[in-house]
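Peer 1: got a predicted model here, sequence first, then my questions.
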There are 2 protein chains.
Amino acid sequence: MATISDVATRAGVSTATVSRALNGKSTVDPALAARVLAAAAELGYRPNGPARNLRKQETAVLALIISDVENPFFTAIARGVEDVAHAAGYSVVLCNSDDEPDKEREYVDVALQERVAGVLLSPTGRGDSAELLSRNNTPVVAVDRPLPNSAADTVLVDTRLAAKEATLHLAEQGYRRIGCLTGPSGVLTADDRLAGYRDGLRAAKLPAPTALVRRSEFKAPGAKQAARTLLTQDDPPDAVLVANSMMAVGVLETCTELGLRPGRDIGVVAFDDAPWATLLDPPLTVVAQPAYDMGAIAAQLLLDRISGERTDMTTTTLSAHLVTRGSSTRP
Amino acid sequence: MATISDVATRAGVSTATVSRALNGKSTVDPALAARVLAAAAELGYRPNGPARNLRKQETAVLALIISDVENPFFTAIARGVEDVAHAAGYSVVLCNSDDEPDKEREYVDVALQERVAGVLLSPTGRGDSAELLSRNNTPVVAVDRPLPNSAADTVLVDTRLAAKEATLHLAEQGYRRIGCLTGPSGVLTADDRLAGYRDGLRAAKLPAPTALVRRSEFKAPGAKQAARTLLTQDDPPDAVLVANSMMAVGVLETCTELGLRPGRDIGVVAFDDAPWATLLDPPLTVVAQPAYDMGAIAAQLLLDRISGERTDMTTTTLSAHLVTRGSSTRP
DNA sequence: TTGTATGCGTTATCAC
DNA sequence: GTGATAACGCATACAA
């Protein structure tokens, strides 16, 4: 592939002039600049990224570390990030941590090694990846989940409050034994939703027996199994709050298998407004989270910090809202 | 951040020895190697990626250019790619082309500039991005859709055959006016599915009036609108083949609005086995595509070519299979 | 086995 | 306004 000196030779100028012309520096004779541009085009010249990155000691790459690209919630975040990053001339490297601290750490190492401009991290909650990054002066923005020490910009959803409201909604609909199916212990969103659920029970003056709580990974199979144990026990719940849309799939499968019809036999509210929620009969009541916005805001925050426009730490908390549908309203 | 010479100084050796030790060259005294490793650890040394990439004239990065990360089909591909790439020590840069040739081209430019090791491309079908890549000696693997000139390794699903089988299935169930809702003209998977649909009609000896075909973008809103015009015309179809799961959402919304119940009033088959397909009443008949496998195979193919293990062009065609459920079976 | 020296392609600093 | 040149951090050819 052609290098800058190939272009220089062809245009009959020095490499310095080529560099200046290509980077649009004003201090270059228009005629020469035109010659350089022509030569570059003829050769199909493309600046060598690694060389430029080395010389400039910076890259135009962001890393986005999430737990799972197959989770639509994170996908929406990724879209928000990508749109903002792309508009600013940045690329995005996508990493699946699978909520494993080791994998997260591994990707942070790669990010550091490649000298990415910044990292968007949805932390597993364990491990010290974020500290490692800031120790190496790499800007970090926490997305969806806060960092342990909270020593970074953070973009969150007030998921605890949303869980409380969802639980209160179920209580208002007359459900009295409301259960909760949440994610793994230690994952902050999972714990927050559980806490919010308990807030809601308390506010509704309902008892909060631990028998009505189950945890599983944030995916359908585990949730399906967990729902089965939850719903087939003695004195089962008459409603359930589910912590994300992938789990909801599992829970609803179990409901079908057990012959429990949402909205009639059991109240169901799930986090994340999946596009298919309205297709169910009855439609699924959900807690809609502004995932795309989270990603976009987080990316903008990161870019601002990279460009040094901002030095103060900010925490942005977006709110989720309950979308009431048939699965939680008694006939 | 510490450089190789910092490590050299601390270990009391030359930078060459550090480089050799850290890269596990056998020709280095174990005692020295240990000292180097210790020094590196103490300094938290991380090789500078751009510098190394420049020097070695290669990177451990793959670019994955797809139309939309929010499409679960592509997400599954991305997962397959990422898992394989990660296992081989490669990172993946994710790019959304939105099926726009210009955006695709733009990302190809970035890939070229950053000297990525290879590109996984789900081509929009227009533009010459792939040719540009091969002209610059960057390996390409086409995923899900073939390249115009087919001058690259390719991993496909036999989507045309699958569409034919799905159509035949509908015919066997007694549907006589089968419609088709596919993606934009020019997108090969969209055209293939339409062609397969027509194959199916022909095989079933059914007429193929163009009035029963609609196109929209591969997303819910457009499909919803298109479904409305399709289903509210005079002499509407009694069944419909839908080209992907996001479109299926739109189509099913329209069905609900029009009071058409799948499996009773209208037969429905959609591409992509969405996790929520079984939750519908009746469950949705789908054409399941091996998306994860496509991604994994494509990534492996790309890595093989990068390592020079293979020089011949291969086309891998995986098969999709029909999963029959209630939305297409008459009561 | 180890060290010295060179070059990867670019940008920035300096002279001119 | 332009050109020569140094430096970014690393890996390797070559010398010792």
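Peer 2: Cool, the structure landed.
Peer 1: what helix or strand does residue A:18 sit in?
Peer 2: helix A:15-22 (DSSP states H and E).
Peer 1: next, residue A:297: secondary structure please.
Peer 2: Using DSSP: H, G, I helix; E, B strand; the rest coil, the structure places residue A:297 in helix.
Peer 1: mind listing the helices for chain A?
Peer 2: A:4-11, A:15-22, A:30-43, A:49-56, A:72-87, A:101-113, A:129-135, A:159-172, A:188-203, A:220-232, A:245-258, A:291-306 (DSSP state H).
Peer 1: including mean pLDDT, could the ones you listed go into JSON lines?
Peer 2: As requested, these are exported to JSON lines (pLDDT from 0 to 100):
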{"stretch": "helix A:4-11", "mean pLDDT": "97"}
{"stretch": "helix A:15-22", "mean pLDDT": "97"}
{"stretch": "helix A:30-43", "mean pLDDT": "96"}
{"stretch": "helix A:49-56", "mean pLDDT": "98"}
{"stretch": "helix A:72-87", "mean pLDDT": "98"}
{"stretch": "helix A:101-113", "mean pLDDT": "97"}
{"stretch": "helix A:129-135", "mean pLDDT": "93"}
{"stretch": "helix A:159-172", "mean pLDDT": "98"}
{"stretch": "helix A:188-203", "mean pLDDT": "97"}
{"stretch": "helix A:220-232", "mean pLDDT": "98"}
{"stretch": "helix A:245-258", "mean pLDDT": "98"}
{"stretch": "helix A:291-306", "mean pLDDT": "97"}
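Peer 1: is it possible to export these to JSON lines including distance to residue B:54 and mean neighbour count?
Peer 2: Glycine gets a C-beta too; all of them are placed from N, C-alpha and C. Below are the helices of chain A laid out as JSON lines (distance: least, Cβ to Cβ, whole Å; neighbours: other Cβ atoms under 10 Å in any protein chain shown):
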{"stretch": "helix A:4-11", "distance to residue B:54": "13", "mean neighbour count": "19"}
{"stretch": "helix A:15-22", "distance to residue B:54": "16", "mean neighbour count": "19"}
{"stretch": "helix A:30-43", "distance to residue B:54": "20", "mean neighbour count": "16"}
{"stretch": "helix A:49-56", "distance to residue B:54": "4", "mean neighbour count": "19"}
{"stretch": "helix A:72-87", "distance to residue B:54": "24", "mean neighbour count": "23"}
{"stretch": "helix A:101-113", "distance to residue B:54": "14", "mean neighbour count": "20"}
{"stretch": "helix A:129-135", "distance to residue B:54": "24", "mean neighbour count": "19"}
{"stretch": "helix A:159-172", "distance to residue B:54": "44", "mean neighbour count": "22"}
{"stretch": "helix A:188-203", "distance to residue B:54": "40", "mean neighbour count": "21"}
{"stretch": "helix A:220-232", "distance to residue B:54": "45", "mean neighbour count": "19"}
{"stretch": "helix A:245-258", "distance to residue B:54": "42", "mean neighbour count": "23"}
{"stretch": "helix A:291-306", "distance to residue B:54": "22", "mean neighbour count": "22"}
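Peer 1: wait, which of those helices is closest to chain B?
Peer 2: Across these, chain B has its closest neighbour in helix A:49-56 (3.9 Å, Cβ to the nearest Cβ).
Peer 1: contacts only, for the residue lying closest to residue A:179 once chain neighbours are set aside.
Peer 2: Nearest non-adjacent residue to residue A:179, counting by Cβ to Cβ, 6 or more residues apart in numbering or on different chains: residue A:237, 3.2 Å away. Residues in contact with residue A:237, defined by Cβ atoms under 8 Å, 6 or more residues apart in numbering or on different chains, are A:177, A:178, A:179, A:212, A:230, A:231, A:266.
Peer 1: mind checking which of the residues you listed are in strands?
Peer 2: If you go by DSSP state E, those have A:178, A:179 in strands.
Peer 1: export the contacts of residue A:237 to JSON lines and tack on distance to residue A:282?
Peer 2: Listed next are the contacts of residue A:237 as JSON lines, based on distance: Cβ to Cβ, whole Å:
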{"residue": "A:177", "distance to residue A:282": "20"}
{"residue": "A:178", "distance to residue A:282": "18"}
{"residue": "A:179", "distance to residue A:282": "19"}
{"residue": "A:212", "distance to residue A:282": "22"}
{"residue": "A:230", "distance to residue A:282": "21"}
{"residue": "A:231", "distance to residue A:282": "18"}
{"residue": "A:266", "distance to residue A:282": "11"}
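Peer 1: looking at the contacts of residue A:237, which is nearest residue A:163?
Peer 2: Among the contacts of residue A:237, residue A:178 lies closest to residue A:163 (Cβ to Cβ), at 11.1 Å.
Peer 1: wait, residue A:306 sits on residue A:116?
Peer 2: No: with contact defined as Cβ atoms under 8 Å, residue A:306 does not reach residue A:116; the gap is 9.9 Å.
Peer 1: check contacts around the closest residue to residue A:319 other than its chain neighbours.
Peer 2: Nearest non-adjacent residue to residue A:319, counting by Cβ to Cβ, 6+ apart: residue A:158, 5.3 Å away. The neighbourhood of residue A:158, defined by Cβ under 8 Å, 6+ apart, consists of A:317, A:318, A:319, A:320.
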